[in-house]
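Asker: Return atomic coordinates for the entry below.
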Amino acid sequence: MIRRRPIPRSRYEHSPGKKPPESLRYTLSPDGSYRTYPNGREVCSESPVGRKEYGRRVEAMLIRQNFKCCLCGGRLSLANATFEHARRRGIGAAFRDDREELNGAAHWICNSEKG
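Answerer: Numbering: from 1, shown residues only. Predicted coordinates:
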């Protein structure tokens with residue numbers, strides 16, 4: 001029988017409705033939809049308001065690109081559009097940057113082929 005050490009309990013408690021502690025690594029937007037890091041990177045959160053912000057940014061990029069895919073140049077609809085990150089996302093999205101000025105909207109198939 002292999003005995004393992006118990007998983008230590010975190011000293012931080014999370015409960016719904018309780019605001020998370022302030023972070024020194026990033027600042028949170030007023031509505032909690034994205035985080036801004038000291039170097040200017042913005043990352044949309046994985047919450048309902050974050051996904052709504054992410055969709056708003058994709059739509060803004062589509063309008064800026066005149067509804068054309070940034071990879072193949074073909075016609076692009078909002079239903080087929082995905083966020084095409086100009087810079088690699090990295091393992092665990094360590095370098096992810098969701099600013100709409102730096103990225104583009106692309107077909108999901110073009111984006112998956114690119115990698």
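Asker: only C-alpha atoms for contact and neighbour calcs from this point on.
Answerer: OK.
Asker: ok now the longest helix along the chain, how far from the chain's centre?
Answerer: As assigned by DSSP state H, the longest helix anywhere in the chain is helix 48-64. Centroid displacement of helix 48-64 relative to its chain, using CA atoms, centre = their mean, to the nearest Å, is 10 Å.
Asker: What distance do you get for the residue positioned nearest the centre of the chain to residue 30?
Answerer: The residue lying closest to the centre of the chain (CA atoms, centre = their mean) is residue 44, at 4.0 Å. For residue 44, the distance to residue 30 equals 13 Å [CA to CA, to the nearest Å].
Asker: Over to residue 40?
Answerer: Residue 40 is 16 Å from residue 30, by CA to CA.
Asker: more neighbours, these two?
Answerer: residue 40 (11 against 8; other CA atoms under 10 Å).
Asker: about what we covered before: tell me what the longest helix of the chain is packed against?
Answerer: strand 42-44, strand 81-84, strand 104-107 (3 or more CA pairs under 8 Å, 6 or more residues apart in numbering; DSSP states H and E).
Asker: repeat that with 6 Å
Answerer: Counting contacts by 3 or more CA pairs under 6 Å, 6 or more residues apart in numbering; DSSP states H and E, helix 48-64 packs against strand 104-107.
Asker: Okay, now the sheet partners of the strand it packs on, with direction.
Answerer: Sheet pairing of strand 104-107 (DSSP bridges) gives strand 81-84 (antiparallel).
Asker: Contacts for the strand it pairs with next, please.
Answerer: 103-108 (CA atoms under 6 Å, 6 or more residues apart in numbering).
Asker: One more: stretch 95-112?
Answerer: 41-43, 57, 61-62, 69-70, 80-86, 89.
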